[in-house]
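Novice: Just to be clear, the model below is a prediction. Sequence and coordinates:
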Amino acid sequence: MTVGRYSRCFAMFLAVAAALDAQPANYSFQDAQAFLKEHCQVCHQGASPAGGFDLRQTAGAGSIRSEAARWSSVALRVKNGEMPPAGAPALTASLREQFTTWVTAAVREGACGTGAIPAASGIRRLNREEYAATLRDLLDLQVDLTSSLPADGAGGEGFDNSGETLFLSPLLLEKYMKTAQFAMDASAKEYKSREKIFVARPGGGVSQEQAAREILKSFLPRAFRRPVSPDDLAQYLTLYRAARKQGQDFEPAILFTLRAVLVSPRFLFLVEPANNSGDMRRIDAYSLASRLSYFLQGSMPDELLVDIAAAGKLHEPAVVRELIPVLMRREQTIEFAKRFVDQWLRVRQLDTDKAPDAKLFPAWTTDEDLRSDIRLQPALFFYEILKRDLSILNLIDSSQTVVTKKLARHMGETIKATTDQQPQWLDLPAGSTRGGLLGMPAVLAVASYPYRTSPVLRGAWILEAILGTPPPPPPANVPALEKQASDEGPKSVREMLTQHRADPACASCHSRIDPLGFALENYDFIGRWRDQDAGKPIDNRGELPDGTSVAGPQSLKAALLERKDLFVRNLTGKMLGYALGRGLTLQDSCTVDRIVAELKENDYRAQKLLELIVLSTPFQYQPPATGRSKGGKQ
Amino acid sequence: MKLSRRTLLRGAGVGLGLPWLEAMMPSTARAQAAAPRSPVRMAVLYMPNGVNTAHWYPEGVGRDFKLSTTLEPLGGLNDQIMVLSNLWNAAAKGGDGHYCKESAILTCATIKKTPGVDLANGTSMDQLAAQRLGEHTPLPSLELGIAPVAVGVDLAVGYTRIYGSYISWSNANTPLAREVNPRGVYERLYRAGTAQNGDAAKLDTLLLDRVLGDAKRLRAEVGAADSARLDEYLSTVRSIEQRVQRASSGTKRDWKPRAQLKPEAAPPEQPGSHEEHSRLMLDMIATAFQSDTTRISTFMFGNAVSNVSFRFLDGVSLGHHDTSHHGKAEDKLRQYQLVNRWHVAQYAYLLRKLQAMKEGEATVLDNSMILFGSALSDGDTHSPRKLPLILGGRGGGRIDSGQHLKYTEDTPLANLYVSMLDAFGAPVERFADSTGPLPGVLV
């Protein structure tokens, strides 16, 4: 019997409260003040208040706006049970819940009064997938260079394209140098790459110097993703000459010079010219082309985007509206869907610590086709939704899915897939439970243990990935399930969790988590359908905190669709964070609100979501200059 | 729909192969005369998720101690190791269960709670040593791991998982990327340790000068907030430039190692199992130390909260992190202990390997300090007290090994680092919250 961290009793408030219960009515600023006074004042006052936080800082009504970050941090610490600290009188779940729900709503309301304000996106390094794709497109080189670099960590909204966490280290720079050399050597041998690079050749009245100049004139703006100055060109021409002086022939000297281009910060980083004015302003056309291209194509802007940018039209709504469907029909959109979905849903973990157990599910290691069918299904489904401009609510439930014959067999479905060569977009049979992400083996597996299901893990996964309301960490010193149960002999997971929820402190969280997971119990740890587990019939029933009864996947999806606002808001926030390559600010949440409202008016169409993000203030604008260095070293 | 699923899935694809290996002459020409005294090496092997405390601590203190069941794989090495009991990391006592502790194991700093934008830890003790003495070897230090950086932000606790994925920090804001592919490590060691011919070094220098120029110009164009990233770039390029110059001139090399790397000894790219992978990475540390390609290394058996499956061990049915949350349940505690013991066995493997490498009258192990341990004691309560730690090797005769040293429970972990840095030849007056050297460690 296994119990993970989420199986512990959460004796505290969950953000989930806001998700599945009604908002507390009649809570006011005065109530929040009374709460702080009663539970926090002892330590947080006087000449040296604990942690540098003095209640006077949040005493005035205006502090909700002027001290929004402080309020948010107070709410988070109360929510997670870190405050009041151990030793202080414990707070009931509902007290915490009322306070933090009110703070979150009030802070947001305060922030949105001023209208959308962009945050600094900052210079950011290409992550390894972007880097490999960019080299591929820049050199027309059909070699996957991804594995030549170490993986990048994630920040912000949970994606590995967040500028704030894309560090540089000597190891990385070494790898960039080595990869650049490899790429240039490979390009020298590829016909298509050579065509792309050697746009001019010496001879017939063209000197080597002139040819070099033409080559650099064509290559530099593409590599740096914007026009280059004559001075920039001269600098690289000087490098070419130096290489010639070192005894390099024309071609090796060119390849060497381009190798330097590939290690330059202008290539490795997305850099946007600073806004030195005191007002926010629209970013320049080439920066916008790069933002758009790395968002939706995961690579450098192509000729189409550069041309539109050069014509000064890329920021026009009508142009964006026309452009998005064009981009969505391209194959690169699969890459975009994969990077986004893999990280949003965490299915990337199936490659590492969530890989299904080899003994219990040997096919994962022996059948590469089935593995990739399972692994890629959520991303390909998302891709189809984007391409076909369907409602994003299809992600919750849908009458279609993406399968191969083999995958359909694994799922036990009578879907009319005709081939194993390529996944197909197909109608699900009537009465199928496989519509939407929650019917997909990859999702069901990543929200399980590698060797068995867990209603608690699946419930927590839904709260985090689908509804955007992750449960707080379990408190320390709570007895594990089996300890409580040991007096009365072995029990099923359901019996143990039922007993667990009998404790009111535990119930406050588990009543929100468990029913969501139980509804999916008909799927085993790798997403196969089952009616029995260990000889006992599956019990897929549960009751949500608001009294809604759920039984099985379809009624769960219906319950989630009832809460579609939460889902749409969560997906929009994730997508905006991914698009901007940074964590969202309080101001950005106002943009999210606006997009959610407009989406609702547009049948939740997927391409509309992209369009609204691309046209949003944080995507199009730079904040005014602050003149202040943030997080700087030296 | 037309696409290549396999290409999409692999992400690895063709890889870089080893063209440069074949092309490169196994030149070992170094003008430097060998210094007589072998240098001291230092490695830290980090085990995530703490230990089953009931089976960790040895019986008896001082020179007469008996290994516990978890430490049994170290049998026969008693005189080569020093078991350190009861140290604690005060800076890691707050925060969440894992990131706050595990990220601080070598920094003894309190990390900042953030999804990423204002990441802050401290400089780790291995990097302090590398910054002081790293110039004597082709690579200042070597950071290794098994798992790539963990995905995403842990929304439940509000920390980016980056914290749990790095123990080496070159400064408070910069974790150091790790290599997880043994073949990649070998290639890197080989390349770093092989003297470049003069022309190639000259070209590399030209290239680096050019991109430095780009970075300086760019720095003038961007806003103040962005200049920090470019400073990071500038200092990284400079460090590589210095390395290129050192490699071509041979200066600063203060000792000639007895072993050389051979290109044909490169390990496989895709290790078959977790155990094979771990051992290959440990082999790389041994190789790097023996060839003096670096004298400093850190290795992570897994990221913080690692739940890698240990079902390959007899009697274990769970993932690593699952066993650590035992809730005092007997069966889980038993499995937890088996997982701990497996890690100790890998540590013993490295110690024995270094012991078998002769270096004059002594062995590489004699000239090394190999610290092994976890940032937590009991993983169920996430305690940063009574940390499980073992120091192997004699540190070139400076470490008084063959003891179980038991301290009072308020003794800072940082004190150990003060002593280790001293033995390494990079003495410091203070490190983080240290109160002095750790008594009994140094001869």
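Specialist: Received, thanks.
Novice: all contacts plus neighbour counts: C-alpha atoms, from now on.
Specialist: Fine.
Novice: Count the residues that sit near the closest residue to chain B within the stretch 1-150 of chain A.
Specialist: For the stretch 1-150 of chain A, the nearest residue to chain B under the criterion C-alpha to the nearest C-alpha is A:S147, separated by 4.7 Å. One way to gauge burial is a neighbour count; for A:S147, by other C-alpha atoms under 10 Å in any protein chain shown, it gives 18.
Novice: Tell me how far A:R241 lies from A:R266.
Specialist: A:R241 is 21 Å from A:R266, where distance means C-alpha to C-alpha, to the nearest Å.
Novice: where do the strands sit along the chain?
Specialist: No chain specified, so I'll use chain A. Defined through DSSP state E, the strands belonging to chain A, from first to last, are A:124-125, A:269-270, A:281-282, A:400-403, A:424-427, A:532-533, A:536-537, A:541-543, A:549-551, A:621-622.
Novice: that's the wrong chain, I wanted chain B
Specialist: Remark: strands of chain B, listed N- to C-terminal, are B:41-46, B:81-85, B:142-145, B:153-154, B:159-160, B:169-171, B:174-175, B:296-300, B:358-359, B:362-363, B:368-373, B:389-392, B:403-406; assignment by DSSP E.
Novice: nearest to B:K202, of these?
Specialist: strand B:142-145 (25.4 Å; C-alpha to C-alpha).
Novice: Go through the closest one and flag the buried ones.
Specialist: When burial is assessed from 16 or more other C-alpha atoms under 10 Å in any protein chain shown, strand B:142-145 yields the following buried residues: B:L142, B:E143, B:L144, B:G145.
Novice: Using JSON lines, please lay out these together with pLDDT and distance to A:E190.
Specialist: Converted to JSON lines, the buried residues of strand B:142-145 look like this (pLDDT from 0 to 100; distance: C-alpha to C-alpha, whole Å):
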{"residue": "B:L142", "pLDDT": "97", "distance to A:E190": "35"}
{"residue": "B:E143", "pLDDT": "97", "distance to A:E190": "35"}
{"residue": "B:L144", "pLDDT": "97", "distance to A:E190": "35"}
{"residue": "B:G145", "pLDDT": "96", "distance to A:E190": "35"}
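Novice: any low-confidence regions in the chain?
Specialist: Let's take chain A. Counting by pLDDT under 70, the ranges of chain A that qualify are A:1-25, A:473-491, A:504-505, A:627-634.
Novice: The intended chain is chain B.
Specialist: For chain B, the stretches flagged by pLDDT under 70 are B:1-36, B:250-252.
Novice: got the contact list for the one residue sitting closest to the centre of it?
Specialist: Compute the mean C-alpha point of chain B, and by C-alpha atoms, centre = their mean the closest residue is B:T298, 0.7 Å away. Shown here is B:T298, whose contacts under the criterion C-alpha atoms under 8 Å, 6 or more residues apart in numbering or on different chains are B:A43, B:V44, B:L45, B:Y46, B:D126, B:L142, B:E143, B:L144, B:I167, B:S168.
Novice: what's near enough to touch B:G145?
Specialist: B:G145 is in contact with B:R178, B:E179, B:V180, B:M281, B:F299, B:M300, B:F301, B:G302, counting by C-alpha under 8 Å, 6+ apart.
Novice: Show me what it bridges to in the sheet.
Specialist: For B:G145, the beta-bridge assignment (DSSP bridges) gives partners B:M300.
Novice: how close does it get to chain A?
Specialist: 11 Å (C-alpha to the nearest C-alpha, to the nearest Å).
Novice: Please, where are all the helices along the stretch 401-550 of chain A?
Specialist: Listed in chain order, the helices of the stretch 401-550 of chain A (DSSP state H, counting those that start in this stretch) span A:405-411, A:441-446, A:455-461, A:481-485, A:493-502, A:504-518.
Novice: Specify the stretch among those helices that is closest to chain B.
Specialist: Distances from chain B to each of the helices of the stretch 401-550 of chain A were compared by C-alpha to the nearest C-alpha, and the smallest falls on helix A:481-485, at 6.6 Å.
Novice: Tabulate the contacts of B:G145 (a markdown table), appending neighbour count and distance to A:I595.
Specialist: Putting those into a markdown table (neighbours: other C-alpha atoms under 10 Å in any protein chain shown; distance: C-alpha to C-alpha, whole Å) gives the following:
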| residue | neighbour count | distance to A:I595 |
| --- | --- | --- |
| B:R178 | 27 | 39 |
| B:E179 | 24 | 41 |
| B:V180 | 22 | 41 |
| B:M281 | 27 | 48 |
| B:F299 | 26 | 45 |
| B:M300 | 23 | 43 |
| B:F301 | 21 | 44 |
| B:G302 | 24 | 40 |
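Novice: would a markdown table of the residues you listed with distance to B:W342 be doable?
Specialist: Output for these, formatted as a markdown table (distance: C-alpha to C-alpha, whole Å):
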| residue | distance to B:W342 |
| --- | --- |
| B:R178 | 23 |
| B:E179 | 22 |
| B:V180 | 20 |
| B:M281 | 15 |
| B:F299 | 16 |
| B:M300 | 14 |
| B:F301 | 11 |
| B:G302 | 13 |
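Novice: now for the buried residues of strand B:142-145, which pair is the farthest apart?
Specialist: Within the buried residues of strand B:142-145, B:L142 and B:G145 form the most distant pair, 10.2 Å apart (C-alpha to C-alpha).
Novice: list the residues that contact both of these two?
Specialist: The contact sets of B:L142 and B:G145 overlap at B:R178 (C-alpha under 8 Å, 6+ apart).
Novice: Apart from its chain neighbours, what residue comes closest to the residue of the stretch 51-200 of chain B found nearest chain A?
Specialist: For the stretch 51-200 of chain B, the nearest residue to chain A under the criterion C-alpha to the nearest C-alpha is B:G152, separated by 4.1 Å. The spatial neighbour of B:G152 that comes closest, neighbours along the chain excluded (C-alpha to C-alpha, 6 or more residues apart in numbering or on different chains), is A:G158 at 4.1 Å.
Novice: Thanks a lot, see you next time.
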